[in-house]
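Enquirer: I would like the atomic coordinates for the input below:
(one chain, ligands or ions: 1)
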Amino acid sequence: KPHVLVIGAGHAGGALVGQLRQFGFAGRITLVGDEPHTPYHRPPLSKAWLKGETTTEKLALKPGSFYEEQHIGLRLGERVQAIEPDAHRVRFDDGTTLDYDWLVLATGARARQLPIPGVGHSNVLSLRNLADAERLRNALKVDRKVVIIGGGYIGLECAATARALGAEVTVVEHAPRLLARVASASIATFLQSEHEAQGVQFRLNTGIDAIEGEHAATAVRLSDGTRLPCDLVILGVGAEPAAELALAAGLACDDGVTVDADCRSSHPDIFAIGDMAKRPIPIYGRPIRLESVPGAGEQARRVAAVLCGREPSAPEVPWFWSDQYDLKLQIVGLIDTDATSVVRGDPASRSFAVFHVKDTRVVCVEAINSPPAFMAGKKLAASGKPVTPSELADSSADLKTIAA
Ligand code: FAD
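Expert: This next block holds a predicted model:
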């Protein structure tokens, strides 16, 4: 019986092993992960879990019994150190080896570090996994002065949570605006004013010279000379693909493992899925490395279909969400600076959407507290049905009809 070995017990790896059994895969499956946990939901680590509104048990993707029932071998708390593609074998940290027929890399990404003095201090924290989140939760207390470096999703979600826990929060961002890579200026401006109304301070267009302090950070020194005293620093400056195993094994890599539409790497028996994979996305006509739970799930389903000899389902338009305070942001598609953007609804009502249209096609929708706009956007982005910006901007026109 063939053996599928999956390295990385996160969202992508966890989704894949379940999907393989659901598609009737009768061979052997082994899931290896270096964290001590079965696969769990990461998004709550900056939101509900960090706020203390949900438990660690509830984070699990599947109950612990699932893996035994489905005959999925788990090797948790173990780290793969090397891949030997020609021998169809991996080597663990302790020197032991394991053979496979197909290998799926799902090692995710890791929090990017900054090359500045003081980043190694014990109260300078990043957030990628449950162990990081536990450290952060212990450090986030009422009245603590928190400096968040990076105005991306993780930084802003941590800012919202830290405010909810009563901390004083300043966000420092080197770009002139928030979410510069991933959201439109309209959404960034709206979110910034919401955060400001909640008491978050922003320093945009500002670099960091150093994090001061003997052993622990006591202040963050900005490029304009300002010193921000702090009890805690959160680094939210993006993630880098954990692709070193693939690189060392000689697989083609370019900001992640280069894969085809089926998530197959440059070696025919090795696949890569999730945050570490850079895959062609048909509607954008170029390879893109997605960092999202839906992206990980879609790629896992694709590989499961390929390994089970099934017809894969049509590719999904990428989508994503973020929760900050009582705001739910849902995005479908990727921001395209050449597109025309129109706002539907009134931002002051805290329920509106920004539609991005290029050559009569919806390429992206950003919806704030507006699930119907998100759903319509998902349909339109997938179908490519021609639309005009003015009909989308007209709140009295029925979105369901426009998207039908
Ligand atoms: P991961 O889930 O990171 O799993 C990779 C696993 O592989 C890890 O457990 C890692 O330790 C393990 N591993 C790495 N190397 C090895 C090795 N050599 N041997 C064994 N194991 C190894 N996405 C959304 O869509 N919406 C959100 O709201 C959202 N919020 C987020 C909030 C936070 C705080 C974080 C960190 C991420 C968030 N994301 C969100 C992104 C989402 O969690 C990721 O896109 C998703 O986890 C990617 O899945 P993955 O399996 O590729 O990687």
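Enquirer: Could you use CA atoms for every contact and neighbour count after this?
Expert: Will do.
Enquirer: From what I see, residue 50 and residue 131 are in contact.
Expert: No: Residue 50 lies out of contact with residue 131 (C-alpha atoms under 8 Å); the separation is 11.8 Å.
Enquirer: neighbour-wise, which of these two wins?
Expert: Neighbours were counted for residue 50 and for residue 131 using other C-alpha atoms under 10 Å; residue 50 has more, 23 against 13.
Enquirer: Residues of the chain that sit close to the ligand?
Expert: By C-alpha under 6 Å from any ligand atom, the residues of the chain that approach the ligand are 7-13, 32-35, 42-43, 45-46, 78-81, 106-109, 127-128, 154, 274-276, 291-294, 296, 320-322.
Enquirer: Counting neighbours, which of those residues end up buried?
Expert: Buried subset of the residues of the chain next to the ligand (neighbour count, 16 or more other C-alpha atoms under 10 Å): 7-13, 32-35, 42-43, 45-46, 78-80, 106-109, 127-128, 154, 274-276, 291-294, 296, 320-322.
Enquirer: what ranges do the helices span in the protein?
Expert: Ranges of helices in the chain, per DSSP state H, are 11-22, 48-51, 65-69, 130-139, 153-164, 185-197, 244-248, 293-307, 371-383, 389-393, 399-403.
Enquirer: list the buried ones in the shortest one?
Expert: What it means is helix 48-51. 49, 50, 51.
Enquirer: I'd like those residues laid out as CSV, including distance to residue 349 and pLDDT.
Expert: As requested, the buried residues of helix 48-51 are exported to CSV (distance: C-alpha to C-alpha, whole Å; pLDDT from 0 to 100):
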residue, distance to residue 349, pLDDT
49, 28, 98
50, 28, 97
51, 26, 96
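Enquirer: picking up where we left off before, so which of the buried ones among the residues of the chain next to the ligand sit within strands?
Expert: 7, 32, 33, 80, 109, 320, 321, 322 (DSSP state E).
Enquirer: Any chance of CSV for these, columns pLDDT and distance to residue 311?
Expert: Below are these laid out as CSV (pLDDT from 0 to 100; distance: C-alpha to C-alpha, whole Å):
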residue, pLDDT, distance to residue 311
7, 98, 25
32, 98, 27
33, 98, 29
80, 98, 31
109, 98, 29
320, 97, 25
321, 97, 28
322, 97, 32
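Enquirer: just those now: which is nearest residue 165?
Expert: Closest to residue 165 out of those is residue 322 (18.5 Å), distances taken as C-alpha to C-alpha.
Enquirer: beta partners for the closest one?
Expert: residue 329 (DSSP bridges).
Enquirer: So it sits against residue 153, correct?
Expert: Yes: in this structure, residue 322 is within contact of residue 153 by C-alpha under 8 Å, at 7.0 Å.
Enquirer: Same list, the buried residues of helix 48-51, but as a markdown table with distance to residue 351 please.
Expert: Output for those, formatted as a markdown table (distance: C-alpha to C-alpha, whole Å):
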| residue | distance to residue 351 |
| --- | --- |
| 49 | 25 |
| 50 | 25 |
| 51 | 24 |
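Enquirer: Residue 31 reaches residue 17, doesn't it?
Expert: Yes: counting by C-alpha under 8 Å, residue 31 does reach residue 17; the two are 7.5 Å apart.
Enquirer: Mind listing the shared neighbours of the two?
Expert: 6, 72 (C-alpha atoms under 8 Å, 6 or more residues apart in numbering).
Enquirer: how far away is residue 308 from residue 2?
Expert: According to C-alpha to C-alpha, to the nearest Å, residue 308 stands 11 Å off from residue 2.
Enquirer: quick one: which of these two has more around it?
Expert: Of the pair residue 308 and residue 2, residue 308 is the one with more neighbours under other C-alpha under 10 Å, namely 16 against 12.
Enquirer: Can you tell me what sits against stretch 340-352?
Expert: 190, 327, 353-358, 367-370, 373, 389-390, 392-395.
Enquirer: Pull out the buried members of the residues you listed.
Expert: Using 16+ other C-alpha under 10 Å, the buried ones in the contacts of stretch 340-352 are 327, 353-358, 367-370, 373, 389, 392-393.
Enquirer: taking those residues one by one, which sit in strands?
Expert: Within these, residues falling in strands by DSSP E are 327, 353, 354, 355, 356, 357, 358, 367, 368.
Enquirer: sorry, back to before: closest one of the buried ones among the contacts of stretch 340-352 to the ligand?
Expert: residue 327 (12.1 Å; C-alpha to the nearest ligand atom).
Enquirer: The closest one: what's it in contact with?
Expert: 350, 368, 369.
Enquirer: and the closest residue to the second one other than its chain neighbours, how far is that from residue 198?
Expert: Read that as residue 368. Leaving aside its chain neighbours, residue 368 sits nearest to residue 329 (4.6 Å; criterion: C-alpha to C-alpha, 6 or more residues apart in numbering). The gap separating residue 329 from residue 198 is 17 Å, by C-alpha to C-alpha.
Enquirer: Pick out whichever of these two has more residues nearby.
Expert: residue 329 (22 against 15).
Enquirer: Isn't the more buried one up against residue 366?
Expert: Yes: here residue 329 lies in contact with residue 366, judged by C-alpha under 8 Å, at a distance of 6.9 Å.
Enquirer: tally of neighbours for residue 176?
Expert: Using other C-alpha under 10 Å, residue 176 has 11 other residues around it.
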